[in-house]
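Visitor: Sequence and computational prediction follow.
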Amino acid sequence: MKQQYRFRRVAGAFLGVAMVVSALVACSGTSNTTTQDKALRVVMATAPTSLDPIDQFGGTDTLSGNMYVTLLRTGTKDLGNGLSTENGADVEGYLAKDWKVSDDGLTYTFHLKPGLTFASGTPVDSAAVKYSFERALDSTAEAFITTLTPGLIKSIDTPDADTVVFTLSEPRPSVLQAWASYSSAIVDPSVVKAKGAKWLDTNEAGSGPYELVSYTPNRELVMKERPGFAKWAGWAPKRQNVTVQFAADDSALLLAVKQGADVVIGLTSQSVASLKNDSAVRVETFESVRTRFLNLAWSKAPFSNAKVREALTYAVDLKAILDGPANGDGQLYYGPSNPNLPFFNKELATPITRDVAKAEQLLKDSGETLPIRFTLSIDQGAPVDKQIAQVLQSTLKPAGFDIQIEVLPTAEFSEATYADGFQAQIREDAPGYADTGFYLGYAMACVLKPVGTNASHMCMPEADKLLAAARATTDPEKAQAKYDEITRIWRENYPQIPLFAMSPAIVLSKSVTSFEYSYDFSNRVTDWG
Amino acid sequence: MTETERIVAVRGSGQARKAGWFRRLSGSARVSVIAIVVIAVAAATAKLWWPESSDQTNAAAALMTPSLSHPMGTDGLGRDVFARVLEGAGISLAAGLIIAVAAVAVGGALAIIAGLRPGAIDLVIMRITDSLLAFPALILAIAVAAGLGSGFFSACVAIVVSTFPLVTRVVRSDVLRIRGGGHIQAARALGVTPSRIVWRHVLPHVSSALLVQFALVVAFGIIALAGLGFIGLGIQLPTPELGAMILDGAAPLIGGAWWISIFPGLMLLAIVASVNVIADSLRVILDQPDELTGAEL
């Protein structure tokens, strides 16, 4: 009994001391917490499919880019009020302190900034760069780092630990932008060799500004500032700790805003509009290279018939879509590339004016049985596309189109895109980097390796020849003339319908004073805070 | 009383029940019947008396609060919520009836076969039924619908698959009870064909159980269809199904536009509660001692 009392007294004293210590620690923690220490809470609609840099195909796949360095990185443009945007036309050194391009445009020599190491202690040197590029060349990322030109990189040489020399098979000025993309991130060769490539799907082997703390696919990713990076780079991430959560549902994203998330990305325009009177947040829209398309499959009826495509183009009420589901956050145009991509010609790419009578006449001339019935596939994970599909269904009916809407799970939708698995689909698309040639290379060109052809199966051989010439030239005026001609040919063929160029809206809490928008939404978390 | 007299008496009481079924319902059940009839008639004739279309989008009229011209407001695409709720109610009622007819037909047929064919057939049917009953009905419906793909037909099939086993289980016990009844034995002795025995002597005596199960399946079918619609496995766009409408209104609800999901929710509540009250009242009315066997049904 006496022993029991003694135990209780000791336990009680221990508990009391523990509580006092906890309270003191908590108080000291509170008083010393700075904005930089406070974890940034980000909520995004789309979760990464993989954290491996070579599996990144846009969207939040580039989130892991914050944990890697690349030879180069895209520049930024200050928008004022703490906001900035990625400037895709401009590249600056990152791991490379400088670089030189030979006069013939075939040799690129990079000098690396020494002193950076991976978590394993391995230096981030020319051998790591060579290994990372060769690994990417053996994967689907090849399309990105060679700007869709198989065999473009003839050799990668490493004369010393801080020098890398790339030799190309043909001049390709836009290759610098490609090498600033996260597909060319530098990985730790020793870790990848030891753990295997699959390990990188859920882990990281980088040396970038953040290191991975934990990752639960489709749920949460936690990062913290990587020790030693700031000393090497001369700059540090705005926040030391970042928690990114993934919530595909629009109402869940809206709830996250109400619960005080710092950055919310992926809300539908209408949900964003409902926040305009919310004093706790600010909504910022950014011009982007993203476009929402109505893709039409040339490979099958009814859109193998050019007159039907033309009729549909004249029948679509683009203004109803822009003013309705898009809530006015976008821009109308009709041409092969987004208004924010280089070489876009506003005069040539004016939007088509809706003309239902003309559409009806074109349908009569098409020789097809009326009404024209087709299935419109949409991605279950894109709530705005459900709204757009219903507007299309309602507004195209008077012109003679009978639309069946098919909602596909995201994986099935993505698979159908390049497998000729749709008649028509609504899809959001943007190039991995702001290069018109690269974009048209996969969105318009007749042949696309290794998948076969572009998603719509459109083929305009004359435009392809002009595209090849435009990509090869270093003279901007000559390139502009070629792209203008491509725009004319494209418009004559009515290949697909750009519904609107997107101006994505990001919801920021009032505590966030700095935000940089990037085309892929998530690769510049370092500048959020 | 002879066997024949008792059968005549039972038939007579059945006719009396049929004649006065509405009066025999509880007060709340009578109100529910009237409510269902009013909703069904309003839904079926909506296009004749309500000027707004359920699928016509209008960006300029998006997210309008309830008013005289739009009593339930408009949704994010400017569609009249009242027109959509009416059409959705009609679809839900029709779907509930279709599901119930199919579930009672399949479940009832299997119950009669199992009840009248003891041995291997009964064993196989009841083990399959038991294995399906091992899953919660809604989870089973979701699994089947996910396998079949989204759409009205697959949603209905999924709900029928998840509901018919219960009908089979309940009705089979009735069939087992009357199987040994004197009238059936007499019919067999007289050489009456099995199909005639089923139609003339089994079905009339399990009709009460079938009717109660029918009403319960209607209610479950409507709520399950809405549930499947809510998770995207039900009727496809732009058909105004109540569950899908509640889902569509979820984000606007948080943003302040409460009317888009609240009104479909209230309509769903009204329909399901009414059907449940009717089913409950029917169960009470029909839960009488069987006059042939003296046992509880």
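Guide: Here it is on my side, so go on.
Visitor: and the helix or strand that contains residue A:222, what does it pack onto?
Guide: In the assignment (DSSP states H and E), residue A:222 maps to strand A:220-225. The contact analysis (3 or more CB pairs under 8 Å, 6 or more residues apart in numbering or on different chains; DSSP states H and E) places strand A:220-225 against strand A:210-216, strand A:241-246. C-beta coordinates here come from the backbone N, C-alpha and C atoms, glycine included.
Visitor: Pull the residues that contact the helix or strand following that strand.
Guide: The helix or strand immediately downstream of strand A:220-225 is helix A:229-233, counting by DSSP H and E. With CB atoms under 8 Å, 6 or more residues apart in numbering or on different chains as the test, helix A:229-233 has contacts from A:113, A:115-116, A:207-209, A:236-237.
Visitor: Next, the buried residues of helix A:229-233.
Guide: Residues A:229, A:232-233 are the ones in helix A:229-233 that count as buried (16 or more other CB atoms under 10 Å in any protein chain shown).
Visitor: returning to what we had before: just want the angle from the strand holding residue A:222 to strand A:210-216.
Guide: If you take axes from the mean of the first three to the mean of the last three CA atoms, to 10 degrees, strand A:220-225 sits at 160 degrees to strand A:210-216.
Visitor: now strand A:220-225, how far from the chain's geometric center?
Guide: 19 Å (CA atoms, centre = their mean, to the nearest Å).
Visitor: what's the answer for stretch A:79-88, then?
Guide: How far stretch A:79-88 lies from its chain's middle: 17 Å, per CA atoms, centre = their mean.
Visitor: Give me the residues contacting it.
Guide: With contact meaning CB under 8 Å, 6+ apart, stretch A:79-88 is reached by A:74-78, A:177, A:284, A:286-287, A:289, A:433-435, A:512-519, A:524, A:527.
Visitor: Make sure residue A:417 is actually in contact with residue A:453.
Guide: No - judged on CB atoms under 8 Å, residue A:417 makes no contact with residue A:453 at a distance of 11.8 Å.
Visitor: Between the two, point out the one with more neighbours.
Guide: More crowded of residue A:417 and residue A:453, by other CB atoms under 10 Å in any protein chain shown: residue A:417, with 21 against 18.
Visitor: how many other residues sit next to the closest residue to that one other than its chain neighbours?
Guide: Nearest residue to residue A:417 in three dimensions, chain neighbours excluded: residue A:455, at 5.0 Å (CB to CB, 6 or more residues apart in numbering or on different chains). Residue A:455 has 23 neighbours, counted by other CB under 10 Å.
Visitor: so what's residue 95 up against?
Guide: Let's take chain A. Applying CB under 8 Å, 6+ apart, the residues contacting residue A:95 are A:69-71, A:112-113, A:116, A:124, A:129, A:186.
Visitor: that's the other chain; I wanted chain B
Guide: Taking CB under 8 Å, 6+ apart as the criterion, residue B:95 is in contact with B:152, B:155-156, B:221-222, B:225, B:235.
Visitor: circling back: could you check how far the residue nearest to residue A:417 is from residue A:71?
Guide: Distance of residue A:455 to residue A:71, given as CB to CB, to the nearest Å: 30 Å.
Visitor: hang on, residue A:403 is in a strand, isn't it?
Guide: Yes - counting by DSSP: H, G, I helix; E, B strand; the rest coil, residue A:403 falls inside a strand.
Visitor: And the pLDDT at it?
Guide: We have a pLDDT of 95 for residue A:403.
Visitor: Now it: closest residue in space that isn't a chain neighbour?
Guide: Using CB to CB, 6+ apart, the closest residue to residue A:403 is residue A:393 (4.5 Å).
Visitor: Identify the residues contacting that neighbour.
Guide: Contact partners of residue A:393, counting by CB under 8 Å, 6+ apart, are A:376, A:403, A:405, B:55, B:237-238.
Visitor: phi, psi of residue A:386?
Guide: Here is the backbone geometry of residue A:386 (degrees, to the nearest 10): phi -60, psi -40.
Visitor: can you list the contacts of residue B:95 in a markdown table and add pLDDT, distance to chain A and neighbour count?
Guide: Shown next, in a markdown table, are these (pLDDT from 0 to 100; distance: CB to the nearest CB, whole Å; neighbours: other CB atoms under 10 Å in any protein chain shown):
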| residue | pLDDT | distance to chain A | neighbour count |
| --- | --- | --- | --- |
| B:152 | 88 | 12 | 18 |
| B:155 | 92 | 13 | 29 |
| B:156 | 94 | 18 | 25 |
| B:221 | 94 | 22 | 30 |
| B:222 | 93 | 22 | 28 |
| B:225 | 92 | 16 | 31 |
| B:235 | 83 | 11 | 26 |
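Visitor: among those residues, which are in helices?
Guide: Among the contacts of residue B:95, the residues falling in helices (DSSP state H) are B:152, B:155-156, B:221-222, B:225.
Visitor: related to what we said a few turns ago, format the contacts of helix A:229-233 as JSON lines; extra columns: neighbour count.
Guide: As requested, those are exported to JSON lines (neighbours: other CB atoms under 10 Å in any protein chain shown):
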{"residue": "A:113", "neighbour count": "17"}
{"residue": "A:115", "neighbour count": "12"}
{"residue": "A:116", "neighbour count": "21"}
{"residue": "A:207", "neighbour count": "27"}
{"residue": "A:208", "neighbour count": "26"}
{"residue": "A:209", "neighbour count": "23"}
{"residue": "A:236", "neighbour count": "15"}
{"residue": "A:237", "neighbour count": "26"}
